[in-house]
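*Asks:* would you be able to build a 3D model of this:
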Amino acid sequence: MVLKVFLSSTLRQYVPGYNPSEGAEFSMNRKTTVSELCKLMNIPMAKIKIVMVNGKSEPFDYELQGDERVGLFPPVGGG
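*Replies:* You can find the predicted model right below:
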């Protein structure tokens, strides 16, 4: 199964060589949850506020099926 992962702003620092226009592609041999994917990418889950899978908000325990687009977003600060 292939996943295309897109990281927003500060999350990009956790993936060396990350190209925001292309995202990162991962091949998985089994179904994987979003939280397992985050661990694989060395992104602390505490740094992620929103998970989008194919344009739909999903929880960290969502089981990825493959051939999906995953977007990870940090909290937005403001003042």
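*Asks:* need the residues that contact the helix or strand bottoming out on mean pLDDT in the chain.
*Replies:* Each helix and strand of the chain was given a mean pLDDT (mean pLDDT, DSSP states H and E); the minimum falls on strand 24-27 at a mean of 90. Around strand 24-27, the neighbours that count as contacts under C-beta atoms under 8 Å, 6 or more residues apart in numbering are 1-7, 15, 18, 37, 40-41. Every residue, glycine included, has its C-beta placed from N, CA and C.
*Asks:* phi, psi for the residue nearest in space to the middle of the chain please.
*Replies:* Averaging the C-alpha coordinates of the chain gives a centre point, and the residue nearest to it by C-alpha atoms, centre = their mean is Leu72 (4.3 Å). Note on Leu72: backbone dihedrals following degrees, to the nearest 10 are phi -120, psi 130.
*Asks:* who does it form a beta bridge with?
*Replies:* Counting by DSSP bridges, Leu72 forms beta bridges with Leu7, Val51.
*Asks:* which residues sit in contact with it?
*Replies:* Taking C-beta under 8 Å, 6+ apart as the definition of contact, the neighbours of Leu72 are 5-8, 11, 38, 43, 48, 50-52.
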